[in-house]
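Peer 1: What follows is a predicted structure for the sequence shown.
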Amino acid sequence: MIPDPAVPVRKRVLLAAPRGYCAGVDRAVIAVEKALDHYGAPVYVRKEIVHNKFVVETLTERGAVFVDETDEVPEGARVVFSAHGVSPAVHAAAAARSLRTIDATCPLVTKVHKEAVRFASDDYDILLIGHDGHEEVEGTAGEAPDHVQVVNSPDEVHKVTVRDPDKVVWLSQTTLSVDETMETVRRLRERFPSLQDPPSDDICYATQNRQVAVKKFSPDCDLVIVVGSANSSNSVRLVEVALDAGARASYRIDRATEIDPAWFEGVSTVGVTSGASVPEILVKDVLADLAERGYQDVEEVRTATEDLMFSLPKELRADLKAAGQEPPRPTRGERRSLSVEPV
């Protein structure tokens, strides 16, 4: 049916829930904030604490110093390892420089590290589904470099070689597209019928939840806006998921200022979501921008409720406790608001 130009188009926003910060990101960002409060600036951070420009800029203004490698940190200084995890070689390099480390690796990433160590000790070939060069993949592969080979996509499966087809296991980066990962596994199992699954799901609950929410509303959306940085794997995947699920168009932005007016021609329904390392304040800015464009009717589309919380890194927790400042563990439903306010 051709729309009647005399009838005004109903403009609405479908807002994904869950969206934004996951428990691992929340923990890592709070760890840097608490370290700055307790020890004072500077506090060094290896790599980006999480993959979000706004978070990194905000923490930099507070006194965090982001470096690529531990050899850029003054000897004896304090350094935080990012939520993506590091290899044993990085821990060793930090120890050699007498660095005081705070390990903010997401516990779900640590789980994958332990799986890699376990299977390597049993002499398995480990097929790590993930993206070469991503910090998380580098950290996991570094746990057992002689046993791990990275499989970037289903199209690389034909290149995989193993020593013993009966001793092969797959693990994955935690922030991947669930559908693409399962397709990679399917093709791997065609080649290696004895391929073992990880003991538990490697793809992060938050990654899965955000993809499920986007899949639900995308068929009804003319446009889906994903808030997240370009180096955020899970944010980039959300754009792909939206398009695969039926959205007419989908774009990733860091901030509302990147919204292009040309996107809205003929658009009545806009879907909005954000990656797992995105503070809610950035989503609010997008909603405010959309409201100014006439998209004031906002409907939340909820597919799951998240209440998982992680304690602060043990090194920081011990120092805060010794100073009588250990924060109480939040109770269910009291997780802090998903925002990082500019300083």
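Peer 2: That came through fine.

Peer 1: Give the residue spans of the stretch 201-343 of the chain that score low on pLDDT.
Peer 2: Residues of the stretch 201-343 of the chain meeting the criterion pLDDT under 70: 326-343.

Peer 1: Then the stretch 1-150 of the chain?
Peer 2: For the stretch 1-150 of the chain, residues meeting the criterion pLDDT under 70 lie at 1-8.

Peer 1: mind listing the helices for it?
Peer 2: 23-39, 53-62, 88-96, 107-121, 135-141 (DSSP state H, counting those that start in this stretch).

Peer 1: which helices and strands sit right next to the last one?
Peer 2: It stands for helix 135-141. In terms of contacts (3 or more Cβ pairs under 8 Å, 6 or more residues apart in numbering; DSSP states H and E), helix 135-141 is packed against helix 107-121, strand 125-129, strand 148-151. Backbone N, C-alpha and C define where each C-beta goes, glycine included.

Peer 1: among the ones you listed, which is the most enclosed?
Peer 2: The highest mean neighbour count among the helices and strands packed on helix 135-141, using mean count of other Cβ atoms under 10 Å, belongs to strand 125-129: a mean of 25.

Peer 1: quick one: strands adjacent to that strand?
Peer 2: Paired strands of strand 125-129, with direction, are strand 148-151 (parallel), strand 168-172 (parallel) (DSSP bridges).

Peer 1: Render the CA-only coordinates of the shortest one in PDB, please.
Peer 2: Which is strand 148-151. This file holds the C-alpha atoms of strand 148-151, laid out as PDB (Å, rounded to 0.1, in the frame of the first residue of the first chain):
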ATOM      1  CA  VAL A 148      45.600 -22.500  20.100                       C
ATOM      2  CA  GLN A 149      44.800 -21.500  16.600                       C
ATOM      3  CA  VAL A 150      42.400 -18.600  15.800                       C
ATOM      4  CA  VAL A 151      39.500 -19.100  13.500                       C
END
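
Peer 1: quick revisit: show me the one of the strands paired with strand 125-129 that comes nearest residue 199.
Peer 2: With Cβ to Cβ as the measure, strand 168-172 is the member of those nearest residue 199 (9.4 Å).

Peer 1: that older thread, make CSV out of the strands paired with strand 125-129 and add distance to residue 218.
Peer 2: Formatted as CSV, the strands paired with strand 125-129 follow (distance: least, Cβ to Cβ, whole Å):
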stretch, distance to residue 218
strand 148-151, 27
strand 168-172, 23
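
Peer 1: For the residue nearest in space to the middle of the chain, what are phi and psi?
Peer 2: The residue lying closest to the centre of the chain (Cα atoms, centre = their mean) is residue 276, at 4.7 Å. Dihedral angles of residue 276 (phi, psi; degrees, to the nearest 10) stand at phi -70, psi 0.

Peer 1: pretty sure it is touching residue 28, no?
Peer 2: No - judged on Cβ atoms under 8 Å, residue 276 makes no contact with residue 28 at a distance of 11.1 Å.

Peer 1: ok, back up a step: mind putting the helices and strands packed on helix 135-141 into TSV with distance to residue 101?
Peer 2: What follows is the helices and strands packed on helix 135-141, written out as TSV (distance: least, Cβ to Cβ, whole Å):
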stretch	distance to residue 101
helix 107-121	14
strand 125-129	24
strand 148-151	24
